[in-house]
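Engineer: Quick one, fold the following:
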Amino acid sequence: MIVLSINGQDTQVDVPEDMPLLWVLRDVLGLNGTKFGCGMAQCGACTVHLDGQAVRSCVLPVTGAVGKKITTIEGLNATDLGKRVQQAWLGIEVAQCGYCQTGQIMSAAALLAAKPTPTDADIDAAMSGNICRCGTYVRIRAAIKQAATGQLTLPQTIA
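Structural biologist: Residues are numbered from 1 along each chain as shown. Model (predicted):
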(Lines give C-alpha, C1' and ligand atoms only; values in the text may rest on other atoms or scores of the structure.)
Protein backbone atom coordinates (compact mmCIF):
# COMPACT_ATOMS: atom_id res chain seq x y z
CA MET A 1 0.00 0.00 0.00
CA ILE A 2 1.14 3.50 -0.83
CA VAL A 3 -0.01 6.41 1.36
CA LEU A 4 -0.50 9.78 -0.31
CA SER A 5 -1.52 13.13 1.16
CA ILE A 6 -4.03 14.51 -1.33
CA ASN A 7 -5.93 17.75 -0.75
CA GLY A 8 -5.28 17.53 2.99
CA GLN A 9 -6.32 13.91 3.44
CA ASP A 10 -4.17 10.80 3.70
CA THR A 11 -5.23 8.20 1.17
CA GLN A 12 -4.01 4.63 0.69
CA VAL A 13 -3.73 3.18 -2.79
CA ASP A 14 -2.70 -0.26 -3.94
CA VAL A 15 -1.02 0.47 -7.26
CA PRO A 16 2.30 -0.35 -8.95
CA GLU A 17 5.12 1.87 -7.70
CA ASP A 18 5.88 3.16 -11.19
CA MET A 19 2.28 4.13 -12.02
CA PRO A 20 2.15 7.83 -12.95
CA LEU A 21 0.49 10.00 -10.31
CA LEU A 22 -1.96 11.22 -12.97
CA TRP A 23 -3.48 7.76 -13.38
CA VAL A 24 -3.68 7.25 -9.61
CA LEU A 25 -5.57 10.54 -9.28
CA ARG A 26 -7.90 10.00 -12.24
CA ASP A 27 -8.43 6.26 -12.56
CA VAL A 28 -7.98 5.02 -9.01
CA LEU A 29 -9.28 7.94 -6.95
CA GLY A 30 -11.73 9.54 -9.40
CA LEU A 31 -10.19 13.03 -9.21
CA ASN A 32 -10.85 13.84 -12.85
CA GLY A 33 -10.05 17.56 -12.75
CA THR A 34 -6.42 16.84 -13.57
CA LYS A 35 -6.32 16.17 -17.30
CA PHE A 36 -4.28 13.92 -19.57
CA GLY A 37 -2.85 15.85 -22.49
CA CYS A 38 0.37 14.59 -24.00
CA GLY A 39 1.75 12.09 -21.49
CA MET A 40 5.24 13.59 -21.88
CA ALA A 41 5.14 16.61 -19.51
CA GLN A 42 5.02 18.97 -22.48
CA CYS A 43 1.52 20.47 -22.40
CA GLY A 44 0.79 21.14 -18.71
CA ALA A 45 -2.77 19.76 -18.64
CA CYS A 46 -1.80 17.33 -15.87
CA THR A 47 -0.29 19.95 -13.53
CA VAL A 48 -0.76 19.45 -9.79
CA HIS A 49 1.06 20.90 -6.78
CA LEU A 50 3.60 18.83 -4.91
CA ASP A 51 4.55 20.65 -1.70
CA GLY A 52 3.35 23.85 -3.39
CA GLN A 53 5.38 23.42 -6.58
CA ALA A 54 3.71 22.93 -9.96
CA VAL A 55 4.64 19.48 -11.33
CA ARG A 56 3.51 17.38 -14.28
CA SER A 57 1.73 14.35 -12.86
CA CYS A 58 1.80 12.37 -16.12
CA VAL A 59 5.49 11.56 -15.74
CA LEU A 60 5.80 11.49 -11.94
CA PRO A 61 5.79 7.96 -10.53
CA VAL A 62 3.39 7.69 -7.61
CA THR A 63 6.30 6.89 -5.29
CA GLY A 64 7.75 10.33 -6.09
CA ALA A 65 4.78 11.87 -4.31
CA VAL A 66 5.02 9.81 -1.11
CA GLY A 67 5.60 12.02 1.93
CA LYS A 68 4.66 15.17 0.04
CA LYS A 69 1.48 17.24 0.00
CA ILE A 70 -0.40 16.83 -3.26
CA THR A 71 -2.94 19.48 -4.24
CA THR A 72 -5.21 18.94 -7.23
CA ILE A 73 -7.63 21.37 -8.83
CA GLU A 74 -10.34 19.84 -6.62
CA GLY A 75 -8.47 20.98 -3.50
CA LEU A 76 -7.19 24.34 -4.74
CA ASN A 77 -10.19 26.34 -3.55
CA ALA A 78 -9.39 25.42 0.07
CA THR A 79 -7.06 28.44 0.08
CA ASP A 80 -7.82 32.11 -0.42
CA LEU A 81 -5.25 32.23 -3.20
CA GLY A 82 -6.84 29.29 -4.98
CA LYS A 83 -10.26 30.91 -4.74
CA ARG A 84 -8.89 34.20 -6.11
CA VAL A 85 -7.26 32.49 -9.09
CA GLN A 86 -10.41 30.54 -9.93
CA GLN A 87 -12.60 33.65 -9.54
CA ALA A 88 -10.28 35.64 -11.82
CA TRP A 89 -10.49 32.86 -14.45
CA LEU A 90 -14.28 33.03 -14.32
CA GLY A 91 -14.44 36.83 -14.22
CA ILE A 92 -12.28 37.26 -17.31
CA GLU A 93 -13.84 34.22 -18.95
CA VAL A 94 -10.45 32.71 -19.77
CA ALA A 95 -11.65 29.30 -20.87
CA GLN A 96 -12.88 28.55 -24.35
CA CYS A 97 -12.75 24.78 -24.76
CA GLY A 98 -11.41 24.63 -21.20
CA TYR A 99 -9.40 21.42 -21.48
CA CYS A 100 -6.06 22.93 -20.47
CA GLN A 101 -7.45 25.29 -17.88
CA THR A 102 -7.00 23.16 -14.77
CA GLY A 103 -3.29 22.91 -15.54
CA GLN A 104 -3.15 26.63 -16.32
CA ILE A 105 -4.85 27.47 -13.02
CA MET A 106 -2.56 25.18 -11.03
CA SER A 107 0.55 26.76 -12.60
CA ALA A 108 -0.81 30.26 -11.99
CA ALA A 109 -1.57 29.50 -8.34
CA ALA A 110 1.94 28.10 -7.78
CA LEU A 111 3.39 31.25 -9.38
CA LEU A 112 1.33 33.58 -7.18
CA ALA A 113 2.21 31.62 -4.05
CA ALA A 114 5.91 32.10 -4.86
CA LYS A 115 5.65 35.63 -6.30
CA PRO A 116 2.53 37.48 -5.14
CA THR A 117 3.14 40.39 -7.54
CA PRO A 118 4.64 38.78 -10.65
CA THR A 119 6.06 40.71 -13.56
CA ASP A 120 5.17 39.85 -17.14
CA ALA A 121 8.50 37.99 -17.35
CA ASP A 122 7.62 36.00 -14.20
CA ILE A 123 4.26 35.07 -15.72
CA ASP A 124 5.87 34.06 -19.02
CA ALA A 125 8.43 31.87 -17.26
CA ALA A 126 5.91 30.19 -14.95
CA MET A 127 3.32 29.59 -17.64
CA SER A 128 5.65 28.44 -20.42
CA GLY A 129 5.00 24.81 -21.12
CA ASN A 130 1.26 25.18 -20.50
CA ILE A 131 -0.26 24.91 -23.93
CA CYS A 132 -3.66 26.36 -24.80
CA ARG A 133 -4.86 25.33 -28.24
CA CYS A 134 -7.53 28.05 -28.13
CA GLY A 135 -4.87 30.73 -27.61
CA THR A 136 -6.32 32.37 -24.50
CA TYR A 137 -2.87 33.51 -23.34
CA VAL A 138 -3.84 37.21 -23.16
CA ARG A 139 -6.78 36.36 -20.91
CA ILE A 140 -4.62 34.02 -18.82
CA ARG A 141 -2.12 36.82 -18.17
CA ALA A 142 -4.94 39.23 -17.29
CA ALA A 143 -6.49 36.71 -14.89
CA ILE A 144 -3.14 36.15 -13.15
CA LYS A 145 -2.69 39.90 -12.72
CA GLN A 146 -6.25 40.24 -11.41
CA ALA A 147 -5.77 37.39 -8.94
CA ALA A 148 -2.54 39.02 -7.76
CA THR A 149 -4.26 42.31 -6.98
CA GLY A 150 -7.42 40.74 -5.61
CA GLN A 151 -9.53 43.15 -7.66
CA LEU A 152 -11.79 40.60 -9.25
CA THR A 153 -14.48 41.21 -11.82
CA LEU A 154 -17.68 39.27 -12.14
CA PRO A 155 -18.30 37.20 -15.26
CA GLN A 156 -20.05 39.05 -18.03
CA THR A 157 -23.49 37.84 -19.00
CA ILE A 158 -24.66 37.65 -22.57
CA ALA A 159 -28.09 39.15 -23.10
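Engineer: Show the residue spans covered by the helices in this protein.
Structural biologist: Here the chain has its helices, by DSSP state H, at 21-23, 73-76, 80-92, 101-114, 120-127, 137-149.
Engineer: which residues are contacting the first one?
Structural biologist: The list of residues contacting helix 21-23 from outside it, by C-beta atoms under 8 Å, 6 or more residues apart in numbering, reads 15, 34, 36, 46, 48, 57-58, 60-62, 64-65, 70. Using the backbone N, CA and C atoms, a C-beta is placed for each residue, glycine as well.
Engineer: again, 10 Å this time
Structural biologist: Outside helix 21-23, the residues that touch it by C-beta atoms under 10 Å, 6 or more residues apart in numbering are 4, 6, 15-16, 29, 31, 34-37, 39, 45-48, 50, 55-65, 70, 72.
Engineer: The residue positioned nearest the centre of the chain and residue 52: what is the separation?
Structural biologist: Nearest to the geometric centre of the chain sits residue 106, at 2.1 Å (C-alpha atoms, centre = their mean). Separation of residue 106 from residue 52 (C-beta to C-beta, to the nearest Å): 11 Å.
Engineer: Before I go, just wanted to say thanks for your time.
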